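> Would you be able to build a 3D model of this:
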Amino acid sequence: MKSTANGLKWSAIERLSTHAIQLVVMLYLARLLGPGAFGLMGILAVFIAIGQTLVNSGFSSALIRETKRTESDFSTTFYFNIGVGVACYSILFFIAPYIAIFFEQPLLTQLLRVLGITVILNSLAIVQQAKLTIMMDFKTQAKASLISVLISSCFAIWLANLNYGVWVLVWQALVYSACNSLILIFLCKWLPTTGFSKQSFNYLFGFGSKLLAAALLNTVFVNIYQVIIGKQFNSSQVGLFTQANQLANVPAITLTTVIQRVTYPMLSNIQNDTNKFESTYLLTLRFAGAVVFPLMIGLSLIATPLITVALGEQWLASAPLLSILCFAFILYPIHAINLNLLNVKGRSDIFLKLEIIKKSLIVLMLFITIPLGIKAMCIGMVGNSFIAFFINSFYTGKFSQLNTKKQLKALLPLFIGAFLCAVITCGITLFLSNIMMLGAYIQLFISLTFMPLLYGMFIRFLQPDLYLQFKMALCSENKISQ
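Residues are numbered from 1 along each chain as shown. Predicted structure coming up:
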């Protein structure tokens, strides 16, 4: 579909541009602020994320999936989101001192009370964002995100040079949330025209509540590592883990967000056309694998020189963690696409069941790895991710013909290709290192030159159909379908 190609393009522009700017600014701030400041923010991340998940409440996904939406549905969601946002902030405000005592970090009280305002700010524009997604208008969302990240980044850099310390990161988040919500409200030109409807609430809650429960589970367990490390070790160790985790998840989550935001409304529209649905779904999986596999394997390969160049010696201890965590996130887009199918099919109950199963495995893995240290915990994350693939794809196969075997058949050649390209690149780098002394900059240059070149040749000559689809997506001249 032409609209899908256009949506994919603008969603990619928005995610890639905003994340690229945020990454560059984060690297700059990391040099100035050090692991301690990022560690404090890493500890607070779980509490803010839980609040934001409660505000979303799964209602946004319910609105996007529903084909017969009413103005009452939108207005009800708007009022409910704001109400939950205020309630969540109130709770965060009152529990902040206890969190500070638990982690033995007095500054956390003030930090959380200010940072928590982002939960209310974000609640103001959730419906507007859902409406734009329904219309496949990712260009407007791209404008809002890009403007917001530019303003907040400039403000953060200014504060950092005035030696505001960890408060730089707090104000960066606040300014981004405020700008993004205000711009979305202005550009979407929608405000509620009806009151709160109990009927709409009950209908949306029926679907959204299960997604909310699943999202809460996911949010807690995604951030639980920072909490455990913060309690067992210290804020600097949290900072090292948080930085490695953030560098590893940026490419995976960026790609996931791009694909998910475009394909969820698209697949919802074609859910009754079985053949078209499954062919589009399989193509989406291959697209994701073709991009995320070389990115994550390549990032793992260059972890040490990248950390040295981008962050400096004070962050070098995070390099081994980054190499491991790349493989923990390598299947992240595949997980999201598989779970998307359950949402499209209206099986949020199965979605919740899967989250409970997978999170139980995370708890088991944590009990095993915590005594062994942070590196062992990261290896445990890799194991959990690969186990999750088999669980997700097993249930996906129950609602479509795309079972685990078919998914492996589609994805394994791409994974093996990316891995072999990385091995060859590593061999070239080691060979040249034995001949001459290579600094971190030269090692990065060699890896960033040979890895994309080799993988591009692999796609061009061994995956010609996928190569053509890439050309179509980049040019946005034809449809991304069969």
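> show me what contacts the spatially closest residue to Gln237 that is not a sequence neighbour?
Excluding the flanking residues, the one nearest Gln237 by C-beta to C-beta, 6 or more residues apart in numbering is Ile229, at 5.5 Å. From N, CA and C alone the C-beta is placed, and that goes for glycine too. Taking C-beta atoms under 8 Å, 6 or more residues apart in numbering as the contact definition, Ile229 lies against 237-238, 241, 374, 377.
> One more: Ser61?
Per C-beta under 8 Å, 6+ apart, neighbours of Ser61: 207-208, 211, 264, 343.
> please redo it, this time with the cut-off set to 7 Å
Going by C-beta atoms under 7 Å, 6 or more residues apart in numbering, Ser61 touches 208, 211, 343.
> Could you check how many residues crowd around the first one?
By the measure other C-beta atoms under 10 Å, the count of residues near Gly208 is 24.
> Burial check on the residue nearest to it when sequence neighbours are not counted, number of neighbours?
Nearest in space to Gly208, with sequence neighbours left out and distances taken as C-beta to C-beta, 6+ apart, is Gly58 at 3.0 Å. By the criterion of other C-beta under 10 Å, Gly58 has 23 neighbours.
> Strands of the stretch 1-150 of the chain, residue ranges please.
With DSSP state E, counting those that start in this stretch, there are no strands along the stretch 1-150 of the chain.
> which SSE is the nearest residue to Ala376 once chain neighbours are set aside in?
What sits nearest to Ala376 in space, not counting adjacent residues and going by C-beta to C-beta, 6+ apart, is Thr369, at 4.2 Å. Per DSSP states H and E, Thr369 falls inside helix 348-369.
> Show me what that helix is packed up against.
Packing contacts for helix 348-369, counted by 3 or more C-beta pairs under 7 Å, 6 or more residues apart in numbering; DSSP states H and E, involve helix 198-232, helix 332-344, helix 374-399.
> Serialize the ones you listed to JSON lines and add fields for mean pLDDT and distance to Val175.
Listed next are those as JSON lines, based on pLDDT from 0 to 100; distance: least, C-beta to C-beta, whole Å:
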{"stretch": "helix 198-232", "mean pLDDT": "81", "distance to Val175": "22"}
{"stretch": "helix 332-344", "mean pLDDT": "83", "distance to Val175": "28"}
{"stretch": "helix 374-399", "mean pLDDT": "92", "distance to Val175": "32"}
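> State the phi and psi torsions of Leu411.
phi -100, psi -30 (degrees, to the nearest 10).
> hey, which of the helices and strands packed on helix 348-369 is tucked in deepest?
Each of the helices and strands packed on helix 348-369 was scored by mean neighbour count; the highest is helix 332-344, a mean of 23, by mean count of other C-beta atoms under 10 Å.
> counting contacts, what elements does it pack onto?
Applying 3+ C-beta pairs under 7 Å, 6+ apart, one finds that helix 332-344 contacts helix 59-65, helix 235-269, helix 274-301, helix 348-369, helix 374-399.
> Just put the ones you listed in TSV and tack on distance to Gly439.
Formatted as TSV, the helices and strands packed on helix 332-344 follow (distance: least, C-beta to C-beta, whole Å):
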stretch	distance to Gly439
helix 59-65	48
helix 235-269	20
helix 274-301	17
helix 348-369	35
helix 374-399	26
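> Which of those helices sits closest to Gln110?
helix 235-269 (15.2 Å; C-beta to C-beta).
> Work out the gap between that closest one and the centre of the chain.
2 Å (C-alpha atoms, centre = their mean, to the nearest Å).
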